[in-house]
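Colleague: Below is the structure, and that's it, no one-letter string:
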Ligand SMILES: Nc1ncnc2c1ncn2[C@@H]1O[C@H](COP(=O)(O)OP(=O)(O)OP(=O)(O)O)[C@@H](O)[C@H]1O
Ligand SMILES: O=P(O)(O)O[C@H]1[C@H](OP(=O)(O)O)[C@@H](OP(=O)(O)O)[C@@H](O)[C@@H](O)[C@@H]1OP(=O)(O)O
Ligand SMILES: [Mg+2]
Ligand SMILES: [Mg+2]
């Protein structure tokens, strides 16, 4: 993509951990060299009192933050909020998060995609009702329904048998565990840019293993974020087991099609999604998780990707503002009724004088 010169000020509102990992000197200086200034938003002060910002980049939760963004948008209508809080909210619930996958249509591909079979359980009574989960095949993964960024929302359990379901705390999603060779694909989306990487995942579960497990419930959290095992230091054979190196990537064009479709449907620019390849078929892919503003710094060369995105956003904003300059709303009064009509002033006219027309 051609380099553009439209700079601007981007305010970032991030939790301290995210700020530390994302806002590196290397990103700040590269962005600066392209005219983009990255400025920290102080979460102890009202957002409207800070700035001016051309754009606000954010990953914070709660009603107060949402209200602050609304107030900011009202006060500074030209400022961009990246991304819209209503669009982000869809990812805070593990059911609505994946509903969007069924809306996607991708043509002319031999690969297929979908989501694992899953049900939502809101209370203990339903959890104990066999009818609720009779359509599910065990093992299943129990995931907290809410994905609100808390440590709790990442606490999962691999459940081998029905008799341990009473140990779970609703509201939860019960999702069928699908064997996938112990490797997950994480697809990072930054506007138009799409990058797929491999990460380790839970190992496959065999029928015998399901029968013979001593514990019928195995708890875990953020498996793909555990430190990568060094192949030379692999005393426990974990790295070998995961086959990270010899796992084939999904076709790039397929991944890009899904990413672009999700971006359009979700109306989000900054997210990643986790994909597994169903070991039973080889060309069937399942989307299991979508995260807003993930750990981009783990993506090699993230500084260049994010800087280009910031520049693209600023350019688009500038173009829209220029187009918008000729746009006015004309009030028309017809006897007692009045109408508001949008009107575009042709760019060749420098000055237009509206008089009280009567006809
Ligand atoms: N249906 C499934 N079948 C097989 N493995 C799964 C399934 N769902 C989740 N996993 C495994 O469990 C891990 C955690 O699940 P998931 O990605 O839904 O949780 P998360 O806490 O939201 O993750 P993240 O840290 O990416 O936000 C996945 O990375 C994958 O290894
Ligand atoms: O911790 P990191 O920055 O690396 O990023 C992780 C991010 O944590 P943070 O936003 O709390 O920092 C998580 O967000 P929440 O679900 O907790 O909101 C989730 O998006 C993970 O998927 C990200 O890891 P990745 O998917 O890139 O491996
Ligand atoms: Mg995940
Ligand atoms: Mg997640």
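Modeller: Received it, and whenever you're ready, just let me know what you need. In this text, all values refer to a predicted model and were calculated from it rather than measured experimentally. Ligands and ions are numbered 1, 2, ... in the order given.
Colleague: Could you check how far the closest residue to residue 109 other than its chain neighbours is from residue 194?
Modeller: Excluding the flanking residues, the one nearest residue 109 by C-beta to C-beta, 6 or more residues apart in numbering is residue 254, at 5.6 Å. The C-beta positions use only the backbone N, C-alpha and C, and glycine is treated the same way. Residue 254 sits 11 Å away from residue 194, going by C-beta to C-beta, to the nearest Å.
Colleague: what about residue 55, how many neighbours?
Modeller: 18 (other C-beta atoms under 10 Å).
Colleague: Show the pLDDT at it.
Modeller: At residue 55, the model reports a pLDDT of 97.
Colleague: The closest residue to it other than its chain neighbours: neighbour count?
Modeller: Excluding the flanking residues, the one nearest residue 55 by C-beta to C-beta, 6+ apart is residue 80, at 4.3 Å. When neighbours are defined as other C-beta under 10 Å, residue 80 has 20 of them.
Colleague: swap in the one 4 residues further on?
Modeller: Close neighbours of residue 84, defined as other C-beta under 10 Å, add up to 14.
Colleague: Likewise for the one 4 residues further on?
Modeller: Residue 88: 23 surrounding residues under other C-beta under 10 Å.
Colleague: Just to check, it is in contact with residue 268?
Modeller: Yes - if you go by C-beta atoms under 8 Å, residue 88 and residue 268 touch, sitting 6.9 Å apart.
Colleague: Identify the contacts common to the two.
Modeller: Counting by C-beta atoms under 8 Å, 6 or more residues apart in numbering, the contacts common to residue 88 and residue 268 are residue 292.
Colleague: can you pull out the helices in this structure?
Modeller: Counting by DSSP state H, the chain has these helices, from start to end: 16-22, 25-33, 63-75, 85-89, 94-99, 124-127, 130-133, 207-212, 238-242, 252-266, 302-324.
Colleague: Output those as a markdown table; include the columns distance to residue 292 and mean pLDDT.
Modeller: Formatted as a markdown table, the helices of the chain follow (distance: least, C-beta to C-beta, whole Å; pLDDT from 0 to 100):
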| stretch | distance to residue 292 | mean pLDDT |
| --- | --- | --- |
| helix 16-22 | 11 | 97 |
| helix 25-33 | 19 | 98 |
| helix 63-75 | 13 | 97 |
| helix 85-89 | 5 | 97 |
| helix 94-99 | 10 | 98 |
| helix 124-127 | 28 | 95 |
| helix 130-133 | 29 | 90 |
| helix 207-212 | 34 | 66 |
| helix 238-242 | 27 | 51 |
| helix 252-266 | 9 | 97 |
| helix 302-324 | 15 | 93 |
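Colleague: Reformat the ones you listed as a markdown table; add distance to ligand 2.
Modeller: Below are the helices of the chain laid out as a markdown table (distance: least, C-beta to the nearest ligand atom, whole Å):
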| stretch | distance to ligand 2 |
| --- | --- |
| helix 16-22 | 4 |
| helix 25-33 | 14 |
| helix 63-75 | 14 |
| helix 85-89 | 10 |
| helix 94-99 | 11 |
| helix 124-127 | 24 |
| helix 130-133 | 26 |
| helix 207-212 | 27 |
| helix 238-242 | 15 |
| helix 252-266 | 14 |
| helix 302-324 | 10 |
